[in-house]
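Participant: what follows is a predicted protein model with its sequence.
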Amino acid sequence: MLDAKNYTAQETLKNGMQVTVRAIKPADKDNFQAAFNEFDERSIYLRFFTDNKTFTEKEILQAVDVDFERIVALVTCIKDNGGEKIIGGGRFFVFGEANPPDKAEVAFMVSNDYQSLGIGGMMLKHLAGIAREMGIKGFYAEVMAGNTGMLTVFKRSGFPIQLEYEQDVTHVMLDIG
């Protein structure tokens, strides 16, 4: 069985930049906050359905300290001044009554300066691999209708997809099994 808590992989983006995709850790707290601070209001609204640009200390800790059983979170990092800089992240959390769970909600966020380089699709691929190892057969996402970039990531994923439209939200169901 895959050890999601210690997951790490090297990838190359569309522009040739080398990145590391790895499991998020509690020690990422400051880097996570720094990455979030770089998002513009539109990106925050499209991802969180709110324009609130602040996280409470509790919310930050919940974001970086996950159990890797019901919640799995990965970050995409680049080398920066001898350390790492988080430029994107993705997570899923399992839901439903099945035991073991077979469905999960998935979400991503990519720093504005690194969008359109394939990070969303790459994160989806890595998260889907982990999810399948856990017995997850389907991903679900709620995407703001104006978030064409994220909808494109799902449509180009190669996974069978169902879309349901409701006012300003698109419900996405991916068969990753």
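Facilitator: Alright, I've got the coordinates. Residues are numbered from 1 along each chain as shown.

Participant: what segments of the protein are strands?
Facilitator: For the chain, strands defined by DSSP state E occupy the ranges 8-12, 18-23, 71-80, 83-95, 103-110, 138-144, 161-166, 169-175.

Participant: list the buried residues of the fourth one.
Facilitator: Think strand 83-95. Using 16 or more other Cβ atoms under 10 Å as the test for burial, strand 83-95 gives 84, 85, 86, 87, 88, 89, 90, 91, 92, 93, 94. (Each C-beta comes from the backbone N, C-alpha and C, glycine too.)

Participant: from the residues you listed, pick the one nearest residue 153.
Facilitator: The nearest member of those to residue 153, counting by Cβ to Cβ, is residue 90 at 10.1 Å.

Participant: please look at residue 163 and residue 170 and confirm they touch.
Facilitator: Yes. The criterion here is Cβ atoms under 8 Å, and residue 163 meets it with residue 170 at 5.7 Å.

Participant: so what's the closest residue in space to residue 13 that isn't next to it in sequence up against?
Facilitator: Spatial nearest neighbour of residue 13, chain neighbours left out: residue 117 (4.3 Å); criterion: Cβ to Cβ, 6 or more residues apart in numbering. Contact analysis of residue 117 by Cβ atoms under 8 Å, 6 or more residues apart in numbering lists 13, 14, 15, 17.

Participant: format the residues you listed as a markdown table; extra columns: neighbour count and pLDDT.
Facilitator: Formatted as a markdown table, those follow (neighbours: other Cβ atoms under 10 Å; pLDDT from 0 to 100):
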| residue | neighbour count | pLDDT |
| --- | --- | --- |
| 13 | 17 | 95 |
| 14 | 11 | 93 |
| 15 | 9 | 94 |
| 17 | 14 | 94 |
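
Participant: of residue 163 and residue 170, who's got more company?
Facilitator: A count of neighbours by other Cβ atoms under 10 Å puts residue 170 above the other of residue 163 and residue 170, at 19 against 12.

Participant: got the contact list for the closest residue to the more buried one other than its chain neighbours?
Facilitator: Closest residue to residue 170 apart from its sequence neighbours, by Cβ to Cβ, 6+ apart: residue 143 at 4.7 Å. Residues near residue 143 by Cβ under 8 Å, 6+ apart: 150, 151, 154, 169, 170, 172.

Participant: drop anything exposed from the residues you listed.
Facilitator: Neighbour counting with 16+ other Cβ under 10 Å marks 150, 151, 154, 170, 172 as buried within those.
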